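Enquirer: Fold the following and give me the result.
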Amino acid sequence: QVQLVESGGGLVQPGGSLKLSCAGSGFTLNNFAMGWYRQAPGKQREGVACISSSTDETTYADAVKGRFTIFRDNADTTVSLQLNSLKPEDTAVYYCAPSVNCWAGQISPPAGYHDWGQGTQVTVSS
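Expert: So this is what the prediction gives:
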């Protein structure tokens, strides 16, 4: 059974930083392109960052480009997202999931994907 667990969220002031991590069980993360997604209250889930499986190339949504960095660590067993220069509009629940599109800012999970984890809440507020 595939299970992805996100962690690292919290409450931070505008301009602050957080590091989110995604670990998988029943799922080898480094065999797949992996993305980070977020869902703010009342909004659809959107892809924010993705890292490819073979070359570790990355792509980002325009809203986070230059502020967020996605990378694999812990001997490729986790996929992390470094969030810098956070803004109130970054407030959302953040999820990780495989990505079938991972280029030119296009970040999307497989059609019908339903193995979403619980996510981790990021709140940016003064």
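Enquirer: Show me what the nearest residue to Y94 once chain neighbours are set aside is bridged to.
Expert: Once flanking residues are discounted, Y94 sits nearest to R38: 4.8 Å by C-beta to C-beta, 6 or more residues apart in numbering. The way it works is simple: take the backbone N, C-alpha and C, and place the C-beta from them, glycine included. Listed beta-bridge partners, R38: E46, Y94 (assigned using DSSP bridges).
Enquirer: What of E6?
Expert: Where E6 sits in a bridge, its partners, by DSSP bridges, are C22.
Enquirer: count of residues packed around it?
Expert: The local packing of E6 (other C-beta atoms under 10 Å) involves 24 other residues.
Enquirer: pretty sure it contacts Q118?
Expert: Yes: at 7.1 Å, E6 counts as touching Q118 under the criterion of C-beta atoms under 8 Å.
Enquirer: Could you list the buried residues of the least confident helix or strand in the chain by mean pLDDT?
Expert: The helix or strand of the chain with the poorest confidence is strand 101-103; it has a mean of 88 (mean pLDDT, DSSP states H and E). Buried residues in strand 101-103, counted by 16 or more other C-beta atoms under 10 Å: N101, C102.
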